[in-house]
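> this one's structure only:
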């Protein structure tokens, strides 16, 4: 009997081993018949590619026990804040789901991600160097949330649950469930993922004015919130000869309530708000197949609709303080073609076109006060090639914009421009696992409709006002990066993002009225230095030489991952300070194969984040997780405690104002989660390679395109 085990490993490097076990000694020239072959593949927790970093969510219990927002906040180098938005290693993030833009941002985006359970996510891709085939509107980087998994030639069923509670001042419960079903027969493949998320939470906010040594309270609020989110994601794929037709339809519904007590000079409020939203997304994809598998042609049509309503009123009153709604529709058609070129073994030429229209309208108490239209037409070409140890990518994308609209009082400033966006990347491979990168790209970010919306979709009282800005202009980015990577985990990098007309959130003070809005600033440069290094604990017991010889399964490896990042926001005529972010993640494999993961994040205060100055660390949390597999690895059980020290609290000064903004949430929570792969027949059936999506740029899973 002979077995061959092919094990994909992580840890200090990305490598594989092939070991043969025989009952007798094998002579050098002897030929032995293989009676049985078993292939075991272990996913990498983190995978570095030339243009992206991939985080495995499905296999990491420390990431998938709460909401998607809670999970991504634990990723090293990522900052997510209601006040300051979302960035990764100094780059503004455009958020995609299954390869398609969400077209929402800031508060609305965080609310959407908070309502989605992390155990419905397969992996997260952060595309740090989006090439020409990605929309130029991707800005600095793309966060792509991938929800779908592989379909096999048999029914596959997985149930996941996470239940937790917080106990800061009262007991509040959170629960999410999801069920994933998929299968493939000789006619078609299908997938159905449905689930819900229920969460109770609280937030305490204070706004204070500090002048001449005197502190004056402007507003203090205590909000109890209940969020409900339900979703269904469905997919069908048909083989038409050699070609493929894919159909996708997703629907998400949320219904959120909030009860807020507020007080300040001369007022006391007791308000209730209701926020509802419905998001629908439909995609039709046709993939033309060729005899040469490296040659690809794809056509895709996408329709997306997103409607939201928000109401705020005093409790026990029928009078509405706010009654605001919005509706957004997006139509997108594109084609992509690629084929190998004879310049090298791995050379590829890609080109394609896109046409997109976005329609957005917003209303307040039945009166439409924003009618916004955006049309984008684009084409791109990109060449990839390899010479010896060098790899090159050179491309360009041309986009034509026609943006117009009107409020209830005036026409918007039109934006009608044609722009060209080049990109270039060079990589030198010292070895298979060690490489050096130089990257440049020019990008643009169009203001999100949530930032344009002139209506308030947040709580307000006599001293607090929220509003969007319909006259925001697009932001132009020039992104530069140099990076040295060793294996999949060790790296050191420096990047600079230079932006014109950067859109930022701004908090100002006008006669004790705190105004939250968005505006363009003429110029900003964001400098970012990052370093990450895994430290196996065996290094201290066996030494470096022996450690490098070890091929260790990550599930049995004890190690610490150390990340540090320094970020500096350079704004003309503004005296700014940089800040450090640290992340320590330690994994210990205890007896009975119990895995213990501790994750600690901390940021140094006093630094500038755009126009905000951190008075307290905006990151300061210790998360703990214990997990174990049962029933032949079909059941994974996790017990977790997030923010166990209850130290997560934010406090910011707003530039050129005497404001101090403090925010505390009930982030300390305790709970458990389980992932159960429901037994089905034919469990040894192989995946059908005809379903696999091998496109390295938009690998959004095999059933969703």
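Sure thing, it's come through. Quantities reported herein were computed from a predicted structural model and do not represent experimental measurements. Residues are numbered from 1 along each chain as shown.
> bridging residues for the nearest residue to residue 420 once chain neighbours are set aside?
Leaving aside its chain neighbours, residue 420 sits nearest to residue 398 (5.2 Å; criterion: Cβ to Cβ, 6 or more residues apart in numbering). (Glycine included, C-beta is placed from N, CA and C.) Judged by DSSP bridges, the bridge partners of residue 398 are residue 379, residue 420.
> Do I have it right that residue 398 meets residue 378?
Yes: using Cβ atoms under 8 Å, residue 398 is in contact with residue 378, at 6.5 Å.
> Between the two, tell me which one has more neighbours.
residue 378 (21 against 16; other Cβ atoms under 10 Å).
> what about the more buried one, distance to residue 281?
21 Å (Cβ to Cβ, to the nearest Å).
> Outline the domain layout of the protein.
1-42, 43-691 (automatic domain parsing).
> could you pull out the strands for the stretch 401-550 of the chain?
415-429, 434-445, 464-466, 475-486, 490-510, 513-536 (DSSP state E, counting those that start in this stretch).
> what's the answer for the stretch 51-200 of the chain, then?
53-56, 78-81, 85-88, 91-97, 100-101, 123-127, 141-146, 156-166, 172-184, 188-211.
> Next up, the contacts around the residue nearest to residue 195 when sequence neighbours are not counted.
Distances taken as Cβ to Cβ, 6+ apart put residue 178 closest to residue 195, at 3.0 Å, once the chain neighbours are dropped. Contacts of residue 178 were listed using Cβ atoms under 8 Å, 6 or more residues apart in numbering, and they are 117, 119-120, 159-160, 193-196.
> again, only using 6 Å
117, 119-120, 160, 195 (Cβ atoms under 6 Å, 6 or more residues apart in numbering).
> Output the residues you listed as TSV; include the columns pLDDT.
Converted to TSV, the contacts of residue 178 look like this (pLDDT from 0 to 100):
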residue	pLDDT
117	78
119	74
120	76
160	89
195	90
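> now the residues you listed: which count as buried?
117, 119-120, 160, 195 (16 or more other Cβ atoms under 10 Å).
> Format those as a markdown table; extra columns: distance to residue 449.
As requested, the buried ones among the contacts of residue 178 are exported to a markdown table (distance: Cβ to Cβ, whole Å):
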| residue | distance to residue 449 |
| --- | --- |
| 117 | 26 |
| 119 | 29 |
| 120 | 25 |
| 160 | 32 |
| 195 | 26 |
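> and which of the residues you listed is nearest to residue 218?
residue 117 (36.5 Å; Cβ to Cβ).
> thought the closest one was touching residue 199?
No: the criterion here is Cβ atoms under 6 Å, and residue 117 misses it with residue 199 at 9.6 Å.
> Helix or strand for residue 563, just tell me which one.
Element membership of residue 563, judged by DSSP states H and E, is strand 559-570.
> ok so, going back, tell me which of the domains of the chain sits most buried.
Among these, domain 43-691 has the highest mean neighbour count (mean count of other Cβ atoms under 10 Å), at a mean of 18.
> Identify the residues contacting residue 520.
Residue 520 is in contact with 473, 501, 503, counting by Cβ under 6 Å, 6+ apart.
> Just give the nearest non-adjacent residue to it, would you?
residue 501 (4.4 Å).
> I'd like to check which residues are in contact with that neighbour.
473, 475, 520.
> The second one bridge partners, please.
Listed beta-bridge partners, residue 475: residue 445 (assigned using DSSP bridges).
> residue closest to the middle of this structure?
What sits nearest the mean C-alpha location of the chain, by Cα atoms, centre = their mean, is residue 143, with 4.1 Å.
> who's it bridged to?
residue 95, residue 126.
> what residues are up against it?
Counting by Cβ under 6 Å, 6+ apart, residue 143 touches 93, 95, 126.
> do residue 203 as well
Contacts of residue 203 (Cβ under 6 Å, 6+ apart): 223, 665.
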